[in-house]
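> sequence first, then the predicted structure, then my questions.
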Amino acid sequence: MLNSYSSADKVLLAVDCIIFGFDHQGLKILLIKRDFEPERGKWSLMGGFLKRDEILDDAAIRILNTYTGLHDIYMEQLHAYSEIDRDPVDRTISVSYYALINIENHNEELIKNYHAEWFSIADAPNLIFDHNEMVQHAIRRLRYRTSIKPIGFELLPEKFTMRQLLELYEAILSKELDKRNFISKINSLEILNKLDEKDMQSSRKGSYLYTFNKEKYEEKLLNDFVLNL
């Protein structure tokens, strides 16, 4: 019967998080070495199972906080994976999220305790189950979002140079951008606050520092603007 809950199949629902970070060496991903079966000792995304009193977003927030110690993380629900044999232990459906964090802000002690490690995207190891597919899906989504909307500021320090912002976009998009065109488009959005401070490490003259104006950015989103990088 369609309305019989007791006779329906029961399946597990997991949440897996693709956590991206950025430093001067490029775009990175945070992975964990599993200390339980199946696939003990192999690399995995960070994840867990949905609790009865949670919605999916709350489960993702809990998992991200458990492994990084951070709150208010930028995240986006990505995709559902339901291949019958994707988990050898039990019938499990996974919903993936990708998240963006500043590598400098995470709790290093927590990451050590969970045997987690940052890898460059190009050098990331092979992952368990269908986690490689999840990562590729997340990279494609992040690149698409970045090409049309100014996201990714969560990956930068609070104060950053225009060069750092350009390098971030080039790392995400995996291509070289025209510097003058990029700066012109970013400035036209009016979502950055130019400070009177300079980063003196970049050159003798120094480079002006900027901060992200979240209020103006949210106004732009309401107007459905497109960046078109």
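Arrived safely, thanks for sending.
> residues in contact with the host helix or strand of Ser188?
Counting by DSSP states H and E, the secondary-structure element that holds Ser188 is helix 179-189. Contacts of helix 179-189 with the rest of the structure, by CB atoms under 8 Å, 6 or more residues apart in numbering, involve 150, 162, 165-166, 169, 192, 216-217, 220, 225, 227-229. Any C-beta I mention is one placed from the backbone N, CA and C, and that applies to glycine too.
> nearest to Asp23, of these?
The shortest gap between Asp23 and any of these belongs to Leu165, at 14.0 Å (CB to CB).
> what about that closest one, distance to Ala122?
In this view, Leu165 and Ala122 are 21 Å apart by CB to CB, to the nearest Å.
> of the two, give the one with the bigger neighbour count.
Leu165 (21 against 9; other CB atoms under 10 Å).
> quick one: the more buried one and Tyr208 touch, right?
No: with contact defined as CB atoms under 8 Å, Leu165 does not reach Tyr208; the gap is 11.6 Å.
> so what's Gln64 closest to, chain neighbours aside?
You called it Gln, but residue 64 is Leu. Ile73 (5.2 Å; CB to CB, 6 or more residues apart in numbering).
> got a list of what the one you found touches?
Ile61, Leu64, Asn65, Ala99, Leu100, Ile101, Glu154.
> specify which member of those is nearest to Ala80.
For the contacts of Ile73, with Ala80 as the reference and CB to CB as the criterion, the closest is Ala99, at 17.1 Å.
> mind checking the SS state of that closest one?
Secondary structure for Ala99, judged by DSSP: H, G, I helix; E, B strand; the rest coil, is strand.
> helices or strands up against the longest strand anywhere in the chain?
The residue-count maximum for a strand in the chain (DSSP state E) belongs to strand 12-23. Where contact means 3 or more CB pairs under 8 Å, 6 or more residues apart in numbering; DSSP states H and E, strand 12-23 is packed against strand 26-33, strand 46-49, helix 56-68, strand 92-100, helix 131-148.
> distance to Ala116, mean pLDDT and mean neighbour count for the ones you listed - can I get that in a markdown table?
As requested, the helices and strands packed on strand 12-23 are exported to a markdown table (distance: least, CB to CB, whole Å; pLDDT from 0 to 100; neighbours: other CB atoms under 10 Å):
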| stretch | distance to Ala116 | mean pLDDT | mean neighbour count |
| --- | --- | --- | --- |
| strand 26-33 | 5 | 94 | 20 |
| strand 46-49 | 7 | 96 | 18 |
| helix 56-68 | 6 | 95 | 19 |
| strand 92-100 | 14 | 97 | 22 |
| helix 131-148 | 14 | 94 | 17 |
